[in-house]
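In: build me a model from this:
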Amino acid sequence: MRKLKYLSSILILLMFSFCTSNVNEGDIGIDLSEIEFIGKWKNTTLDASKLGENIETLIFVNDSIAEIHLISPAGKKKVIGNWKYGHKTEIMKIIGLAIESDVMVSYNQDDNHLNILVFKLKEDNNEVKMVGNDLEFVKQ
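Out: The predicted model follows:
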């Protein structure tokens, strides 16, 4: 019984340690339709000195398919992935931990590596940008 008390107190502490405020600072409420996403988005933060593959452009082909154009020291390649607008994933339902994003892009870099990118929409100088994962994309 004593072990149960210790275990339950640890679980309660863990649950409270994951509690966070759900306030989005600077949320400007950008509301775009999925049709407005279709097209080419260019990476404005492309860093040639970064090791590995960089995303050069994202092309949203239709309501769920995305072309991801990667550039690396070995050359350029195109991979096909998926995207969702207004994405929410519940990680741990018991404690209510979830990841929310305005746009989610997922693709397989190779057979063993699934990449999932989440972006927040923001407006800067009357230009809509997707920002997240140390990346920034603007619509072309």
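In: if the residue most central in space within the chain is in a bridge, with which residues?
Out: Nearest residue to the geometric centre of the chain (C-alpha atoms, centre = their mean): residue 118, 0.6 Å. Residue 118 has these beta-bridge partners by DSSP bridges: residue 104.
In: again, but for residue 40
Out: Taking DSSP bridges, one finds residue 59 as the beta-bridge partners of residue 40.
In: residues contacting it?
Out: By C-beta atoms under 8 Å, 6 or more residues apart in numbering, the residues touching residue 40 are 57, 58, 59, 139, 140. Just so you know, the C-beta spots here come from the backbone N, C-alpha and C atoms, and that holds for glycine as well.
In: what about 6 Å?
Out: Applying C-beta atoms under 6 Å, 6 or more residues apart in numbering to residue 40 gives the contacts 57, 59, 140.
In: I figured the last one hits residue 42, correct?
Out: So that's residue 140. Yes. Contact criterion C-beta atoms under 6 Å: residue 140 and residue 42 qualify, at 5.3 Å.
In: which one's more surrounded, these two?
Out: residue 42 (16 against 9; other C-beta atoms under 10 Å).
In: tell me the contacts of the more buried one?
Out: Contacts of residue 42 by C-beta under 6 Å, 6+ apart are 57, 138, 140.
In: looking at the residues you listed, which are in strands?
Out: In strands, judged by DSSP state E, the following of the contacts of residue 42 are found: 57, 138.
In: tell me the one among the contacts of residue 42 nearest to residue 109.
Out: residue 57 (15.8 Å; C-beta to C-beta).
In: and the residue lying closest to the closest one once chain neighbours are set aside, how close does it get to residue 33?
Out: Once flanking residues are discounted, residue 57 sits nearest to residue 69: 4.5 Å by C-beta to C-beta, 6 or more residues apart in numbering. Going from residue 69 to residue 33 by C-beta to C-beta, to the nearest Å gives 24 Å.
In: go ahead and confirm residue 107 touches residue 81.
Out: Yes. Applying C-beta under 6 Å as the test, residue 107 and residue 81 come out as touching, 2.8 Å apart.
In: so where is the protein shaky, pLDDT-wise?
Out: Low-confidence segments of the chain, defined by pLDDT under 70: 1-31, 48-49, 51, 90-94.
In: that'll do, ta.
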